[in-house]
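>>> Any chance you could fold what I've pasted below:
(one chain, ligands or ions: 1)
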Amino acid sequence: KHIGIPLWGCPIQASSLRPGEAPLINGWIPFLGEALNFRNDPTKFLLSLQQKYGDVFTVHLAGKYITFITNPLQFVYVTKTKKYLQFKELADQISTKNVHKAYQYLLGRPLDVLSDSMMGNLQGLFEKMCSQATDWEMGNMNKFCFSLMFEASFLTLYGKDPSAVDYNIVEAIGDKFNKFDASFSYLAANVPIELLGAAKSIRKELISVFLPENMSRWLGASEVVQFRKDLFDMYEGLSDRNKAGTHHFAFMWASVGNTIPATFWAMYYLLRHPEALAVVRDEIDHLLQSTGQERKPGNCIHLTREQLDNLVYLESAVNESFRFCSSSTNIRIASEDFILKLEGNQEVSLRKGDLVAIYPPILHMDPEVYEDPKKYKFDRYVEDGKKKSTFYKQGRKLKYFLMPFGSGISKCPGRFFAMNEIKLFLVLLLAYFDVEITEEKQVGQDKSRIGLGILLPDTDIAFRYKPRN
Ligand code: HEM
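Residues are numbered from 1 along each chain as shown. This next block holds a predicted model:
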């Protein structure tokens, strides 16, 4: 069982497993292994293997041998084995440690600054909409979430280009981003970009946005972006294109690629569940009232971190939508041959280069952890009016019960900002507008991003909004 692309037609035979290695499921199609079954319905597929082989097994997926750990009580043994189970290193000479220093600017006081700035930017955009809408206005929900969240997040992180006076440059970047993003799952699956239509030229244009001469024009960039820019500028061996592409463009993708679909799902589920919407709206109205803020466009709404944090029903609703739509596989690579020790004296032998994976949807849909898991319950994460973080499996409290942001060393550094952004969007939307879905159809999940992050909606849906009285 070696990782990497095996010779065509020569998948590793289960008979060549070494003692202590997990059962191997090869599938009968050479090379693709079980990839097709996995792609069709990964949760069902992995659960069926779990029933047959137990909590730990290795699957041959499109040339890679991946050992899945499927019992959430075991996850902690994966994340705490940092020495042997590593997250990928950056490919160039900049050390991960230096890059990670930038993440302090996504916490504490800089996080407050970022959230305040996001609030101001979102408010500006919502107010523009309000001034244009007197009665019901129609819109498409995904497009709506994209345009507001992309523009506000971009301005918050990268600042403004003062030279673009009568032209919305951020909207133009957003359009390109959207087109590029449509090819993302193919690129992640290593399909050559040359085969993906205009993706190559669009990526080139997007990368140009982040060339040093362009970035230095933007005013009011956030501390996190400024720190990263200064850091990469110190590495003279890095070409400007490399800085712009590998680092700035990739960060931009990380900062909006998941947040925008997550915003869509949070809004969609709330509007589909009027009882949830009523409670969340009430919570927001109550907060605004108790802090003497009028929910009228033109009236600046300001929420401190503590106030945002205390919106427990709103947060629970966002988390409940994360439970449905997040599919980021947590992957680790064995840095040497070693024995992974798991719960209850269970041990698994791993070889250097082996991949180990946690696939969170199995946890998110586990009926033992979440009663009636297919049902949207907006207040699942609230207990006695406070945030709930006690979830159990086999009678034991789980450390990991919701994993949209990964785990351990590769856990998303932007998670607090992301949650604030989504909350701010919903606070302003519900404070300013009455909102309704106007189509019967149910939105499903686009499967092309399975394993890669927040799933995209498979279709857009019409809705309408009107300034509240
Ligand atoms: C709902 C929104 C978001 C979700 C679900 C999300 C999810 C994730 C996940 C799962 C990872 C780990 C990837 C892996 O293990 O391979 C990650 C990494 C990362 N995320 Fe997020 N993210 C979100 C928003 C953000 C935001 C707003 C930012 C920045 C402002 C951000 C910046 C990053 C960065 C820089 C990394 C790479 C970390 C590293 O160096 O290892 N993310 N994100």
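>>> Domains in this protein, by residue range?
Under the assignment automatic domain parsing, the domains of the chain span 14-91+329-367, 96-324+402-467.
>>> For Asp379, find the nearest of those.
Across these, Asp379 has its closest neighbour in domain 96-324+402-467 (5.4 Å, C-beta to C-beta). Quick note: C-beta positions are derived from backbone N, CA and C, even for glycine.
>>> Not counting its neighbours along the chain, what's nearest Ile173?
Val209 (5.8 Å; C-beta to C-beta, 6 or more residues apart in numbering).
>>> which residues touch the one you found?
Contacts for Val209 (C-beta atoms under 8 Å, 6 or more residues apart in numbering) come out as Ile173, Met215, Ala244, Phe249.
>>> Within its local environment, how many residues does Asp41 see?
Asp41 has 13 neighbours, counted by other C-beta atoms under 10 Å.
>>> re the thing from before, format the domains of the chain as CSV; extra columns: distance to the ligand and mean pLDDT.
Listed next are the domains of the chain as CSV, based on distance: least, C-beta to the nearest ligand atom, whole Å; pLDDT from 0 to 100:
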stretch, distance to the ligand, mean pLDDT
domain 14-91+329-367, 6, 83
domain 96-324+402-467, 2, 89
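>>> Serialize the ones you listed to CSV and add fields for distance to Arg380.
Shown next, in CSV, are those (distance: least, C-beta to C-beta, whole Å):
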stretch, distance to Arg380
domain 14-91+329-367, 11
domain 96-324+402-467, 5
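>>> right, and those - which one's nearest Lys387?
Nearest of the domains of the chain (C-beta to C-beta): domain 96-324+402-467, 5.4 Å.
>>> distance between the closest one and the chain's centre?
A distance of 10 Å separates the C-alpha centroid of domain 96-324+402-467 from that of its chain, computed with C-alpha atoms, centre = their mean, to the nearest Å.
>>> List the contacts of the residue nearest the centre of the chain.
When C-alpha atoms, centre = their mean is applied to the chain, the residue found nearest the centroid is Asn258 (3.8 Å). For Asn258, the contact set (C-beta under 8 Å, 6+ apart) comprises Pro404, Ala418, Gly453, Ile454.
>>> Please give me every residue in contact with the third one.
Right, Gly453. The contact partners of Gly453, taken as C-beta under 8 Å, 6+ apart, are Gly257, Asn258, Ser326, Ser327, Ser328.
>>> Make sure the fourth one is actually in contact with Ile454.
Yes - with contacts defined as C-beta atoms under 8 Å, Ser327 counts as touching Ile454 at a distance of 7.5 Å.
>>> My reading is that Asn142 lies in a helix. Confirm?
Yes - judged by DSSP: H, G, I helix; E, B strand; the rest coil, Asn142 forms part of a helix.
>>> can you pull the contacts of it?
Contacts here follow C-beta under 8 Å, 6+ apart; on that basis Asn142 touches Phe264, Pro457, Asp460, Ile461.
>>> residues near Phe38, how many?
Quick note: Phe38 (other C-beta under 10 Å) scores 22 neighbours.
>>> helix or strand for Lys44, which one?
Taking DSSP states H and E as the definition, one finds Lys44 inside helix 42-53.
>>> Check which element follows that helix along the chain.
Sequence order places strand 56-61 as the next helix or strand after helix 42-53, per DSSP H and E.
>>> Counting by contacts, list what that next one packs against.
Strand 56-61 is packed against strand 24-25, helix 35-40, helix 42-53, strand 64-69, with contacts defined by 3 or more C-beta pairs under 8 Å, 6 or more residues apart in numbering; DSSP states H and E.
>>> relative to helix 42-53, how tilted is that strand?
Counting by axes from the mean of the first three to the mean of the last three C-alpha atoms, to 10 degrees, strand 56-61 lies at 130 degrees to helix 42-53.
>>> and strand 56-61, how far from the chain's centre?
With C-alpha atoms, centre = their mean, you get 25 Å for strand 56-61.
>>> and that strand, C-alpha only, in PDB?
C-alpha atoms of strand 56-61 as PDB (Å, rounded to 0.1, in the frame of the first residue of the first chain):
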ATOM      1  CA  VAL A  56     -10.800   2.500  10.300                       C
ATOM      2  CA  PHE A  57     -10.200   1.300   6.800                       C
ATOM      3  CA  THR A  58      -8.100   2.300   3.700                       C
ATOM      4  CA  VAL A  59      -9.800   3.200   0.400                       C
ATOM      5  CA  HIS A  60      -8.100   3.300  -3.000                       C
ATOM      6  CA  LEU A  61      -9.400   6.500  -4.500                       C
END
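>>> What is the helix holding Lys44 packed up against?
By 3+ C-beta pairs under 8 Å, 6+ apart, helix 42-53 packs against helix 35-40, strand 56-61, helix 360-364.
>>> Would you format the contacts of Asn142 as CSV with secondary structure included?
Below are those laid out as CSV (three-state DSSP):
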residue, secondary structure
Phe264, helix
Pro457, strand
Asp460, coil
Ile461, coil
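>>> Kindly write the ChimeraX command that selects the buried subset of the residues you listed.
A single ChimeraX command suffices to select whichever of the contacts of Asn142 are buried according to 16 or more other C-beta atoms under 10 Å:
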select :264,457,460,461
